[in-house]
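Q: Structure for the following, please:
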Amino acid sequence: MSEINKNNAPLTRSGKKKPTDETGRVLKVKGHSAIYSITIAVMYITLVLIASAVLSYFILSIGNDVFALKKGDVTAEIDLGANPTVIDVSNQLAEKGIIRYPAIFRLYARLKLDDGEVFIPGTYTASSKQNYDSLIKTFLAQTGERRVVTITIPEGYTVENIIDLFISEDIGTREGFIDAIQNGEYDYEFIKRLDSLPPDPDRRYRLEGYLFPDTYYFYSDWDETQIINKILAAFDSKVSQDIYKYVDASGMSFDDYIKIASIIQREAYFNTDMENVSSVIHNRLKNASKYPKLECDSTVLYAMNVHKTDITDEDLHFDNPYNTYVYDGLTPGAICNPRWSAIYTAINPADTEYFYFVSRKSGEMLYAKTLAEHQKNVAQVRAENKSN
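A: Numbering: from 1, shown residues only. Here you go, the predicted model:
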C-alpha cells in the first residue's frame, strides 16, 4: 500500500509525488516503449546520414565544377560586351554548359580578381575542361598580336558603308567581305528563308538589310565570315518564332518586310513617323492596281548609289530596278540595314488611309489620302524650304 504524505498525495516508490489533477486524482502517465525509442533513434541517425550524403555530394559536385573534374567535353563561344561583369560572365558560362554553379563562380572570381582587374570585351572560346582559374584568365587575356576592336554600325548604313567602316579599322578586305556577304553559309532561320527565295539577278547584295546596327567587339585577326556571322547572330537574337508565324500567315516573305523596313529607315527621321510611313507603303502594295509604284525618294538614291538632299526630275527617271518611281512594287533587295524599330513597324503598320507622304526640312512628315492633298503638302514644303 502506498505511503500518504502530508497532503494525502500518493508517493512513488522513490518517494516523489505522483502527478494529480485538480481533484487530487492520480494521473496515469504512459511510458514510451523500447521499440518506439529505438525507432526514433534510427530515424534520427538516418536523417543525419542522408543530410551528410547530400552535403557531401554537393561539396564534391562543386569541387568537380571548380577544378573541372569528371565533366563532359563542352566547348562554346562566350561573347562579352562593353564593361562585362562577373555576373555577365558566369551567366553565359552556365547557359552554354561550361559550368554548373554560376553563383560559386562569381564568389570564386571575386576572391581571385585583383582590385581594378576587369574582364576584357571580346569573343572567347571556353571549354568545360577548363577549371575556374583557367576560365578567369581566359577573359583577362589580350595579347598584343590579337587586339579587340570595337565597331559601331550606325542604323541605316548600307553594305557599302559597313565594308568601308571595317576597312578603315584595318579589318578584312573589300573582296573578303563581299564574298562573305554574297556566298557565306550561315545557320539562321532568316538566312534559310532568304536563300529559299527565287534568285533575283537585280539584287545588289544578298545580306543587305540583315547586318544589324549595333556596337560589336571583334578580334583583329578574325576573317570576314566570322565577323559577318557575329552581326547576323545579333539580328537573329531579335527575331522570335511568333514573328515568323505572323509573316507566314501574312502572305508576304520575311525578306519583303526587311525591304519595307529599310525604306522606312531611310524615309522616317523620327520614330513616331515610322508606323505611318509603313502604312503608306502597305496601303500602296495592297492597292497595286491604282498605286503600282511606291515612289520613295530613298530608293532613287540607293539606285544611283549617291547621297544628296535634292533629287531632280532626271533622278526620278533613273533607270534601275531599285528606283520605285520607275519600277513597280518593292525593290529587289533592302536599301539599307534598318534598326529594330523600323523592322517592327514594317510588320506592324499604323491603320491609316494614307497613300502619300512628304518630309519637311525638320524631318517631320506630312501625310495625304489623295493626290490633291499631297500636292498641297509638297507645295507647303517647297515654300518652307525657300523661306529658310
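Q: where in the protein is pLDDT low?
A: 1-33, 57, 115-116, 141-146 (pLDDT under 70).
Q: which parts of the top helix by length along it are buried?
A: Criterion DSSP state H: the longest helix present in the chain is helix 34-67. The neighbour-count check on helix 34-67 (16 or more other Cβ atoms under 10 Å) flags 65, 66 as buried. Heads up, the C-betas are built off the backbone N, CA and C, glycines and all.
Q: quick one: strands adjacent to the helix or strand just after it?
A: As assigned by DSSP states H and E, the chain's next helix or strand after helix 34-67 is strand 75-80. Strand 75-80 sits in its sheet next to strand 122-127 (antiparallel), going by DSSP bridges.
Q: So which elements touch the longest helix of the chain?
A: Using 3 or more Cβ pairs under 8 Å, 6 or more residues apart in numbering; DSSP states H and E, the elements in contact with helix 34-67 are helix 102-112, helix 132-138.
Q: can I get the CA coordinates of the longest one in CSV?
A: Read it as helix 102-112. What follows is helix 102-112 as a C-alpha-only set of coordinates in CSV (Å, rounded to 0.1, in the frame of the first residue of the first chain):
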residue,chain,number,x,y,z
PRO,A,102,27.3,30.4,-61.6
ALA,A,103,26.9,31.7,-58.0
ILE,A,104,30.0,29.7,-56.9
PHE,A,105,31.9,31.0,-60.0
ARG,A,106,31.0,34.6,-59.0
LEU,A,107,32.3,34.1,-55.5
TYR,A,108,35.5,32.4,-56.7
ALA,A,109,36.1,35.1,-59.3
ARG,A,110,35.7,38.0,-56.8
LEU,A,111,38.2,36.3,-54.5
LYS,A,112,40.7,35.8,-57.3
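Q: What are the buried residues along it?
A: 102, 104, 105, 106, 108, 109.
Q: Find the residue at the geometric middle of the protein.
A: residue 237 (4.0 Å; Cα atoms, centre = their mean).
Q: element containing it, please.
A: Short version, using DSSP H and E: residue 237 is in helix 224-238.
Q: Which elements pack onto that helix?
A: Short answer (3+ Cβ pairs under 8 Å, 6+ apart): helix 224-238 packs on helix 174-183, helix 189-196, strand 215-219.
Q: nearest to residue 301, of those?
A: Nearest to residue 301, of all the helices and strands packed on helix 224-238, is helix 174-183, at 20.5 Å by Cβ to Cβ.
Q: Return the list of helices and strands in contact with the closest one.
A: When contacts are defined as 3+ Cβ pairs under 8 Å, 6+ apart, helix 174-183 packs onto helix 159-168, helix 224-238.
Q: tell me which residues in it are buried?
A: Quick answer for helix 174-183 (16+ other Cβ under 10 Å): 176, 177, 178, 180, 181.
Q: Any figure for the gap between the fourth one and residue 174?
A: Right, the one you point to is residue 180. 11 Å (Cβ to Cβ, to the nearest Å).
Q: Off-centre distance for stretch 310-329?
A: Distance of stretch 310-329 from its chain centroid, counting by Cα atoms, centre = their mean, to the nearest Å, is 37 Å.
Q: What lies in contact with it?
A: 202, 204, 285, 288, 292-297, 299-304, 330-333, 335 (Cβ atoms under 8 Å, 6 or more residues apart in numbering).
Q: Now with 10 Å, please.
A: 200-204, 256, 259, 263, 281, 284-285, 288, 291-306, 308, 330-335, 385 (Cβ atoms under 10 Å, 6 or more residues apart in numbering).
Q: Buried only: go through the residues you listed for me.
A: 203-204, 256, 259, 263, 281, 284-285, 291, 294-303, 330-335.
Q: Go through those residues and flag which are in helices.
A: Those of the buried ones among the contacts of stretch 310-329 lying in helices (DSSP H): 256, 259, 263, 281, 284-285, 297-303.
Q: Return the alpha-carbon coordinates of the helix or strand hosting residue 277 using PDB.
A: Element membership for residue 277, per DSSP H and E: helix 274-286. Provided in PDB are the C-alpha atoms of helix 274-286 (Å, rounded to 0.1, in the frame of the first residue of the first chain):
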ATOM      1  CA  MET A 274       7.600  55.000 -88.800                       C
ATOM      2  CA  GLU A 275       4.200  53.500 -88.300                       C
ATOM      3  CA  ASN A 276       2.600  56.000 -90.700                       C
ATOM      4  CA  VAL A 277       5.300  55.600 -93.300                       C
ATOM      5  CA  SER A 278       4.900  51.900 -93.100                       C
ATOM      6  CA  SER A 279       1.100  52.300 -93.600                       C
ATOM      7  CA  VAL A 280       1.700  54.300 -96.800                       C
ATOM      8  CA  ILE A 281       3.900  51.500 -98.200                       C
ATOM      9  CA  HIS A 282       1.500  48.800 -97.200                       C
ATOM     10  CA  ASN A 283      -1.500  50.700 -98.500                       C
ATOM     11  CA  ARG A 284       0.100  51.100-101.900                       C
ATOM     12  CA  LEU A 285       1.100  47.400-102.000                       C
ATOM     13  CA  LYS A 286      -2.400  46.400-101.200                       C
END
